[in-house]
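1. Return a 3D structure for these sequence lines:
(one chain, ligands or ions: 2)
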Amino acid sequence: MRGIDLTGVTFGRLTVVSEAERVGSGRSTQRRWNCVCACSGQTVVLQTSLRSGTTRSCGCLQRASAAAGLTARNQSRAQSVDVPAYGTVHNRLRREYGPASGYTCVECGAQADDWSYDHTDPLEVTGLDHGHLRPYSLEPGHYEPRCRSCHKIFDRAQCELRALSAREGTGRQDQPTALARSGRHDA
Ligand SMILES: [Zn+2]
Ligand SMILES: [Zn+2]
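-> Ligands and ions are numbered 1, 2, ... in the order given. Purely as a prediction, here's the structure:
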């Protein structure tokens, strides 16, 4: 396949500056392009992702849409290929802190089952975990040990809060904290 030249072409917030090293070999070789984002971020994107509209920013669009609480379908379309996967982050957590089962749940004091994202990272990303789109953080410091049932309750409360703030079009900090806290945390 003789390639076209995408230099100077704009896709969403990205403008192509030059061709990057290809990946793969033989018939599965994929062309990639160095792009600059409207936010002045830089990223390397597969040509197929650019032309299909899968990747339209350096990652700042996903962060903005996650904050705005867009639907899961829109988020998966905007998902960047460059962000570490949910599973990757959790493997790193286990490496740095050990398994969550070595800790007690921050809510109820029982043995913890999971590392649970605290939903406070301003740079959080959204990704697939066992078929579900979830917000998560790339920073191990944004995780706390929780037992399975407290983890579920906590995540559900955070999602409701997020939907609420998206509907009202204001920042999360200004929202009533009744849903998120609901008196579960004694600290
Ligand atoms: Zn950007
Ligand atoms: Zn618990």
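2. Going by C-alpha atoms from here, please, whenever you check contacts or count neighbours.
-> Noted.
3. Mind listing the residues bridging to the residue nearest the centre of the chain?
-> Centroid-nearest residue in the chain, with CA atoms, centre = their mean: V125, separated by 1.8 Å. Beta-bridge partners recorded for V125 (DSSP bridges): Y136.
4. What ranges does the protein have for its strands?
-> Ranges of strands within the chain are 10-11, 14-23, 30-37, 42-46, 114-117, 125-129, 132-136, 143-146, based on DSSP state E.
5. Check the contact between the residue nearest to the centre of the chain and S65; I expect there is one.
-> No. Look at V125 against S65 with CA atoms under 8 Å: they stay out of range, at 9.5 Å.
6. Where do the helices of this protein begin and end?
-> With helices called from DSSP state H, the chain shows them at 47-52, 60-68, 72-78, 86-97, 148-168, 178-181.
7. With distance to S25, mean pLDDT and mean neighbour count as added columns, please give the ones you listed in JSON lines.
-> Formatted as JSON lines, those follow (distance: least, CA to CA, whole Å; pLDDT from 0 to 100; neighbours: other CA atoms under 10 Å):
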{"stretch": "helix 47-52", "distance to S25": "15", "mean pLDDT": "92", "mean neighbour count": "15"}
{"stretch": "helix 60-68", "distance to S25": "30", "mean pLDDT": "75", "mean neighbour count": "19"}
{"stretch": "helix 72-78", "distance to S25": "27", "mean pLDDT": "50", "mean neighbour count": "15"}
{"stretch": "helix 86-97", "distance to S25": "25", "mean pLDDT": "85", "mean neighbour count": "14"}
{"stretch": "helix 148-168", "distance to S25": "42", "mean pLDDT": "88", "mean neighbour count": "17"}
{"stretch": "helix 178-181", "distance to S25": "49", "mean pLDDT": "48", "mean neighbour count": "15"}
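8. Which among those helices is found nearest to H132?
-> helix 72-78 (8.7 Å; CA to CA).
9. rewinding a little: what pLDDT does the residue nearest to the centre of the chain get?
-> Per-residue pLDDT puts V125 at 83.
10. Per the annotation, how does the protein divide into domains?
-> Per automatic domain parsing, the structural domains of the chain span 1-58, 86-181.
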